[in-house]
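J.: what's the 3D shape of this:
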Amino acid sequence: MKKETTLRYFLSPPQTCSYLPQQQASTAFTDPEQHVDDAIYSRLAEHGFRRSGSDFYRPHCQQCQACIPLRVAVQKFQPNRTQRRTWRHMKNITTQIKTVEFNEEYFELYCRYLKSRHKDGGMDQPTPESFSSFLNCKNITTHFIEFRISGKLLAVAVADQLNNAWSAVYTFFDPDMGKLSPGVLAILWEINHCRNKDMTWLYMGYWIESCQKMNYKQNYQPCQTFSNEEWQYLNSPKT
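T.: Residues are numbered from 1 along each chain as shown. Alright, predicted model coming up:
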């Protein structure tokens, strides 16, 4: 891990956790002035790091270890009954992998999604600049995957290309079509795509068992979680 060990890291001061308000959160992040490309990011992901815009970070909280990196073993993935039922919607949906560039149609959908799902959360007043800076990153290979139904844009999933893996960055969708479970569809599509490309993992970010917004990630089995500097399989009840 020669390249990673040359990176400089910083630690943010404690602040109120956005997922567990009763906790104080601190974040370890790489020096933003240093170069990070696909190869370096791949190694960082193996050690629990994630990307937000051009920031590469990992929770580093003194009193709490609730944020646990999680990745799905795509070649071994077995959908549960609910996921199989949701996947049937794909027969009416078309997908296309697009280049990463500003797209007005995507931005309008992103705005609608944030206003519906994250009202007053600090992200519901986006600009084209904040949209691009949040999802894109120089030197990192990123894909936009669009989902359409009858020609209408249903959802956009954003994922980074890693060595032998994808890292799911973000997904936004039409809030009026939530009954199709577009967020679940996007994850299932990414898992299927990775499997077809002979990849091993889909990195899903951080799993927080006690947070309703973040505990859904354990439903994609088998998956591994990262703690004590090693990956281990997580056993979870089937749904």
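
J.: residue ranges in the chain under the pLDDT threshold?
T.: 1-5, 119-124, 236-239 (pLDDT under 70).

J.: in it, which spans are strands?
T.: 9-11, 15-16, 24-25, 27-30, 50-52, 55-59, 68-73, 93-98, 142-149, 152-162, 165-173, 201-207, 223-227, 230-234 (DSSP state E).

J.: now these in a markdown table, with distance to residue 40?
T.: From N, CA and C alone the C-beta is placed, and that goes for glycine too. Converted to a markdown table, the strands of the chain look like this (distance: least, C-beta to C-beta, whole Å):
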| stretch | distance to residue 40 |
| --- | --- |
| strand 9-11 | 13 |
| strand 15-16 | 27 |
| strand 24-25 | 25 |
| strand 27-30 | 9 |
| strand 50-52 | 11 |
| strand 55-59 | 9 |
| strand 68-73 | 17 |
| strand 93-98 | 23 |
| strand 142-149 | 15 |
| strand 152-162 | 10 |
| strand 165-173 | 13 |
| strand 201-207 | 15 |
| strand 223-227 | 18 |
| strand 230-234 | 19 |
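
J.: save the ones you listed as a markdown table, and put in mean neighbour count too.
T.: As requested, these are exported to a markdown table (neighbours: other C-beta atoms under 10 Å):
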| stretch | mean neighbour count |
| --- | --- |
| strand 9-11 | 12 |
| strand 15-16 | 10 |
| strand 24-25 | 18 |
| strand 27-30 | 18 |
| strand 50-52 | 20 |
| strand 55-59 | 20 |
| strand 68-73 | 22 |
| strand 93-98 | 13 |
| strand 142-149 | 18 |
| strand 152-162 | 21 |
| strand 165-173 | 22 |
| strand 201-207 | 22 |
| strand 223-227 | 18 |
| strand 230-234 | 13 |
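
J.: does residue 221 touch residue 77 like I think?
T.: Yes. Contact status for residue 221 versus residue 77: in contact at 7.2 Å, counting by C-beta atoms under 8 Å.

J.: tally of neighbours for the residue lying closest to residue 157 once chain neighbours are set aside?
T.: Nearest residue to residue 157 in three dimensions, chain neighbours excluded: residue 186, at 4.0 Å (C-beta to C-beta, 6 or more residues apart in numbering). By other C-beta atoms under 10 Å, 24 other residues sit near residue 186.

J.: ok, residue 186 - contacts?
T.: 145, 147, 155, 157, 168, 171, 173 (C-beta atoms under 8 Å, 6 or more residues apart in numbering).

J.: so for residue 215, which of the strands of the chain sits nearest?
T.: strand 201-207 (6.7 Å; C-beta to C-beta).

J.: how far off centre is the closest one?
T.: 6 Å (C-alpha atoms, centre = their mean, to the nearest Å).

J.: so which elements touch that strand?
T.: Using 3 or more C-beta pairs under 8 Å, 6 or more residues apart in numbering; DSSP states H and E as the contact test, the elements touching strand 201-207 are strand 50-52, strand 68-73, strand 165-173, helix 182-196.

J.: tell me what angle that strand forms with strand 230-234.
T.: Using axes from the mean of the first three to the mean of the last three C-alpha atoms, to 10 degrees, the direction of strand 201-207 lies 90 degrees away from that of strand 230-234.
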